[in-house]
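>>> sequence plus predicted model, see below.
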Amino acid sequence: MTDTRLRADRVYRFYRAGDEETLAVQGVTLELAAGEVVALCGPSGSGKSTLLACLAGIDEPSGGTVWIAGERVSGRTEAERARIRARRVGAMSQSGNLFGHLTVLGNLRLAQSLAQGRDLPDASELLAELGIGTRAHAWPDQLSGGELVRASLAVALANGPSVLLADEPTGELDETTEARLLSLLRQRAENGAAVLVASHSQAVARAADRTLYLEDGKLA
Ligand SMILES: Nc1ncnc2c1ncn2[C@@H]1O[C@H](COP(=O)(O)OP(=O)(O)OP(=O)(O)O)[C@@H](O)[C@H]1O
C-alpha cells in the first residue's frame, strides 16, 4: 500500500471578472506518495500556480476535494486551512512567501512556532544547506532574486512538511545552485515528504521521479 500524502479529486478553479470566466484548473485528479518528487510542467498560463495554491490549501477550489496526509483541506474555513498548512504543508510561491517585517531567520522561526511541538529542522542549518547561511539576519528586501527564492524555500521547509509544493523554485538560480536545491528536495522526499515542483526547467523534470503535464488546466 502506498503512503499517500496528497490527494486531489476532480479539482476545478474558475476565476470570474465581470462577464469573463477563466477556467484555470479543470477537473484535476492526482495522488502523491511519501518519498516522491514529481514535476508539474506546462506552458505559461496552463494553471500550474493556481493548482498548487488549491493543493496547498492557500486557495479554495471552485469544485473538487483536496486531502493532505488524509485530512481534507478543501471545503473548510480559512482558519482551518491555515492550521492544516502550518503543520503539514510547505508552500513556496513565485512571489515569495516571506513577511517583509521579519528577517529571514525570523520568518523561519515564525513558521516553526506555528507548526508547534514537532521534530523540526534546525533553522540555521536549513539556511546553510541552501547556501544562504550568511543572510539569516537580512530583511527580505535586501536579498537578491536567487537568495529570495532560497529563503522562501527555507521557510516552506521550516515546519518539516509532509507535502512540499514549490512554484518555480529554480527560475532565478544558476546551474550549480539549482542542482544543490534539487538534491535538497530529493533528501526531503527520502525523509518521507511528497514533493511537487512546478517548473519550466528541464533539470527539474530530469531530477523528478515522474512528470505531470498540465495544459489548459487539465492533466494530459
Ligand atoms: N487572480 C486571477 N484572476 C483571474 N485570472 C487569473 C488569476 N490568476 C490566474 N489567472 C488566469 O488563470 C490561468 C492560469 O494561471 P496560472 O498562473 O495558474 O498559470 P501558470 O501555469 O502558473 O503560469 P506561469 O507558468 O506563467 O506561472 C491564466 O489564464 C491566468 O491568466
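Sure, I can see it.
>>> if I look at the residue located most distally from the centre of the chain, how far off is residue 216?
Distance to the chain centre peaks in the chain at residue 19, reaching 31.7 Å (criterion: C-alpha atoms, centre = their mean). In this structure, residue 19 and residue 216 are 20 Å apart, going by C-beta to C-beta, to the nearest Å. (Each C-beta comes from the backbone N, C-alpha and C, glycine too.)
>>> go through the protein and flag its longest helix.
Criterion DSSP state H: the longest helix present in the chain is helix 175-190.
>>> show me what it is packed up against.
Contact analysis of helix 175-190 by 3 or more C-beta pairs under 8 Å, 6 or more residues apart in numbering; DSSP states H and E lists strand 37-41, helix 145-157, strand 163-167, strand 194-198, helix 202-207 as its packing neighbours.
>>> residues from the protein in reach of the ligand?
For the chain, the residues found near the ligand under the criterion C-beta under 6 Å from any ligand atom are 15, 17, 22, 24, 42, 44-50.
>>> now tabulate these in a markdown table and tack on distance to residue 142 and neighbour count.
Below are the residues of the chain next to the ligand laid out as a markdown table (distance: C-beta to C-beta, whole Å; neighbours: other C-beta atoms under 10 Å):
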| residue | distance to residue 142 | neighbour count |
| --- | --- | --- |
| 15 | 34 | 12 |
| 17 | 35 | 7 |
| 22 | 36 | 14 |
| 24 | 34 | 22 |
| 42 | 33 | 22 |
| 44 | 29 | 7 |
| 45 | 32 | 12 |
| 46 | 34 | 21 |
| 47 | 33 | 25 |
| 48 | 29 | 26 |
| 49 | 26 | 20 |
| 50 | 30 | 22 |
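>>> how near is residue 207 to residue 17?
Distance check for residue 207 against residue 17: by C-beta to C-beta, it reads 37 Å.
>>> revised request: answer the last question for residue 86.
On the measure of C-beta to C-beta, residue 86 and residue 17 end up 31 Å apart.
>>> residue 201 now?
With the distance defined as C-beta to C-beta, residue 201 ends up 31 Å from residue 17.
>>> do a quick rundown of the strands in this protein.
4-17, 20-33, 37-41, 63-68, 71-72, 89-92, 163-167, 194-198, 210-215, 218-219 (DSSP state E).
>>> may I have the strands that pair with the fifth one, each with its orientation?
Right, the one you point to is strand 71-72. Partners of strand 71-72 in the sheet, by DSSP bridges, are strand 63-68 (antiparallel).
>>> what does the partner strand contact?
4-12, 27-28, 54-55, 57, 72-75, 84, 88-89, 162-163 (C-beta atoms under 8 Å, 6 or more residues apart in numbering).
>>> cutoff 7 Å now
Outside strand 63-68, the residues within contact range by C-beta atoms under 7 Å, 6 or more residues apart in numbering are 6-12, 54-55, 57, 72-75, 84, 88-89, 162-163.
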